[in-house]
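>>> 3D model of this:
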Amino acid sequence: MLSFVVPAHDEEASIAATVRAIRAAAEAAQPSFEIIVVDDSSSDRTAELAAAEGAQVVRIERRQIAAARNAGARAARGDTFVFVDADTLIGADVVVGLQRAIAAGAVGGGAAMRFDAPTPRWLDAVLPAGNWIARRLRITGGCFVFCRRDAFEAVGGFDETLFAAEEIRLCRQLRAHGEVVILRDSVLTSGRKLRTYSAGELLGASLRIGLAGSAGVRDRSRLGLWYDPRRPDRGGRS
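Okay, the predicted model is just below:
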């Protein structure tokens with residue numbers, strides 16, 4: 001069984017579409033599956049809308065994506081976990097792809113990424129390179145991560161001392177247990193950060209985290225890009 005785990009905080013604008021896309025993709029690929037939405041401290045209708053779409057809803061009060069993903073894994077019954085962000089749409093191609101990868105012996109992986117329009121022009125040059133680097137380094141963005149249950153449990157799940165980059169840590173840990181595969185098939189995730197933050201702000205945030213080393217992702221106060229109140233997004237899906 002595939003267990004889809006969707007961490008969500010105040011995602012009422014996108015959660016219904018995400019759950020519907022997961023269901024359609026899983027049904028087309030014909031595996032048995034379940035969908036678990038982890039509502040982490042939402043103040044909006046995220047939980048209500050997810051439940052209306054047939055998802056199992058788990059509530060936590062941590063405001064941390066690693067903790068939300070782990071909570072979903074604890075509630076899951078499947079032998080393969082698929083973590084999908086609440087602002088991300090997947091298709092049957094990635095579900096088929098991850099099943100083939102697991103059947104071939106992979107312990108986990110991810111997929112290429114696309115962003116919903118409009119996005120800044122510089123992304124056209126950066127994104128292909130980013131996807132290529134991810135495949136070469138066998139790391140993935142957090143919007144879509146899959147892994148076998150046994151490997152996930154062997155590494156202790158997502159590292160809850162981290163408030164960002166926990167998916168990169170997971171990929172590195174999984175490699176000790178087998179192959180990590182980054183699919184060429186892509187998922188469509190929200191470009192809202194690219195629209196609501198300038199290139200300078202995004203670069204500055206990345207440099208501050210990089211210069212701080214591991215401490216940069218263990219301190220929530222440094223990670224406003226992920227944890228500050230969301231800026232209004234006048235484009236895209238959410």
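
>>> looking at the chain, which helix or strand is least sure?
Scoring the helices and strands of the chain by mean pLDDT, DSSP states H and E places helix 199-212 at the bottom, with a mean of 82.

>>> Pull the residues that contact it.
Helix 199-212 is contacted by residues 120, 122, 164, 193-194, 197, 216-217, 219, 222-225 when judged by Cβ atoms under 8 Å, 6 or more residues apart in numbering. No exception for glycine: its C-beta is placed from N, CA and C like everyone else's.

>>> Closest one of these to residue 140?
In terms of Cβ to Cβ, no member of those lies closer to residue 140 than residue 164, at 14.1 Å.

>>> what's the distance between the closest one and residue 206?
Using Cβ to Cβ, to the nearest Å, residue 164 is found at 11 Å from residue 206.

>>> Give me the distance between the two termini of stretch 148-161.
22 Å (Cα to Cα, to the nearest Å).

>>> And stretch 22-38, what's buried?
The neighbour-count check on stretch 22-38 (16 or more other Cβ atoms under 10 Å) flags 22-23, 25-26, 29, 31, 33-38 as buried.

>>> Using PDB, write down the CA coordinates of it.
Written as PDB, here are the backbone C-alpha positions of stretch 22-38 (Å, rounded to 0.1, in the frame of the first residue of the first chain):
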ATOM      1  CA  ILE A  22      -3.300  12.500  -5.400                       C
ATOM      2  CA  ARG A  23      -6.400  10.400  -5.500                       C
ATOM      3  CA  ALA A  24      -6.700  10.600  -9.300                       C
ATOM      4  CA  ALA A  25      -3.000   9.800  -9.800                       C
ATOM      5  CA  ALA A  26      -3.100   6.800  -7.400                       C
ATOM      6  CA  GLU A  27      -6.300   5.400  -8.900                       C
ATOM      7  CA  ALA A  28      -4.900   5.700 -12.400                       C
ATOM      8  CA  ALA A  29      -1.700   3.900 -11.400                       C
ATOM      9  CA  GLN A  30      -3.900   1.300  -9.600                       C
ATOM     10  CA  PRO A  31      -2.000   0.700  -6.300                       C
ATOM     11  CA  SER A  32      -3.900   0.400  -3.000                       C
ATOM     12  CA  PHE A  33      -3.400   3.700  -1.200                       C
ATOM     13  CA  GLU A  34      -4.400   6.000   1.600                       C
ATOM     14  CA  ILE A  35      -4.200   9.800   2.000                       C
ATOM     15  CA  ILE A  36      -3.300  11.400   5.300                       C
ATOM     16  CA  VAL A  37      -3.300  15.100   5.800                       C
ATOM     17  CA  VAL A  38      -1.400  16.400   8.800                       C
END
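
>>> The chain: strands as residue ranges?
2-8, 33-40, 56-60, 80-84, 88-89, 106-115, 144-148, 179-189 (DSSP state E).

>>> how about these in CSV, adding mean pLDDT?
Below are the strands of the chain laid out as CSV (pLDDT from 0 to 100):
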stretch, mean pLDDT
strand 2-8, 98
strand 33-40, 98
strand 56-60, 98
strand 80-84, 98
strand 88-89, 98
strand 106-115, 97
strand 144-148, 98
strand 179-189, 97
